[in-house]
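[1] pasted the sequence and its predicted model underneath.
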Amino acid sequence: MPPLKPNHISPTDEEDAAITAAAMADPDTFHPTEENLARLSQIKPYRIRVRGRPIGSGQKQQLTVRFDTDVVTAFRTLGKGWQTKMNNALKDWLLHNDPSKL
């Protein structure tokens, strides 16, 4: 348990019992039953989302390159994932062309 603040005043046992009784009497308090617990155990747990950029494949290299505005505009009109589509177009070009003959 973390350390308490210097001016902290803990409730007495009687006050603590009264607070607990009031919470248990509250109609909004969740009282788990065997049926509820069984149903909850079948729910798929939430996937924890990690902040930041996802880990890449490690097979790409970041660089700065300049393209004509009309080329970039054409790919950007394709929407989300336009950079991947541009990469795939360059890969396709490499399959059908020999860059050493340019």
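    Perfect, thanks for sending it.
[2] going forward, measure contacts and count neighbours with C-alpha atoms only.
    Noted.
[3] so Gln83 is in which element?
    Gln83 belongs to helix 82-96 when elements are defined using DSSP states H and E.
[4] can you list the buried residues in that helix?
    Within helix 82-96, the residues that qualify as buried are 82, 86, counting by 16 or more other C-alpha atoms under 10 Å.
[5] how far out from the middle of the chain is it?
    In terms of C-alpha atoms, centre = their mean, to the nearest Å, the centre of helix 82-96 is found 29 Å from the chain centre.
[6] and it, what does it pack against?
    Applying 3 or more C-alpha pairs under 8 Å, 6 or more residues apart in numbering; DSSP states H and E, one finds that helix 82-96 contacts helix 69-76.
[7] got a list of what Lys85 touches?
    By C-alpha atoms under 8 Å, 6 or more residues apart in numbering, the residues touching Lys85 are Phe75.
[8] measure it to Phe75 for me?
    7 Å (C-alpha to C-alpha, to the nearest Å).
[9] using the three-state scheme, assign the residue positioned nearest the centre of the chain.
    By C-alpha atoms, centre = their mean, the chain has its centre lying nearest to Arg49, at 2.9 Å. Following DSSP: H, G, I helix; E, B strand; the rest coil, Arg49 is assigned to coil.
[10] also Thr20?
    Recorded secondary structure, Thr20: helix (three-state DSSP).
[11] and for it, the neighbour number?
    Thr20 has 12 neighbours, counted by other C-alpha atoms under 10 Å.
[12] please begin residue numbering at 49 from this point
    Yep, numbering from 49; the last one is Thr68 now.
[13] check what pLDDT it gets.
    According to the model's per-residue confidence, Thr68 sits at a pLDDT of 92.
[14] that one and Pro59, how far apart?
    With distances taken as C-alpha to C-alpha, Thr68 is found 11 Å from Pro59.
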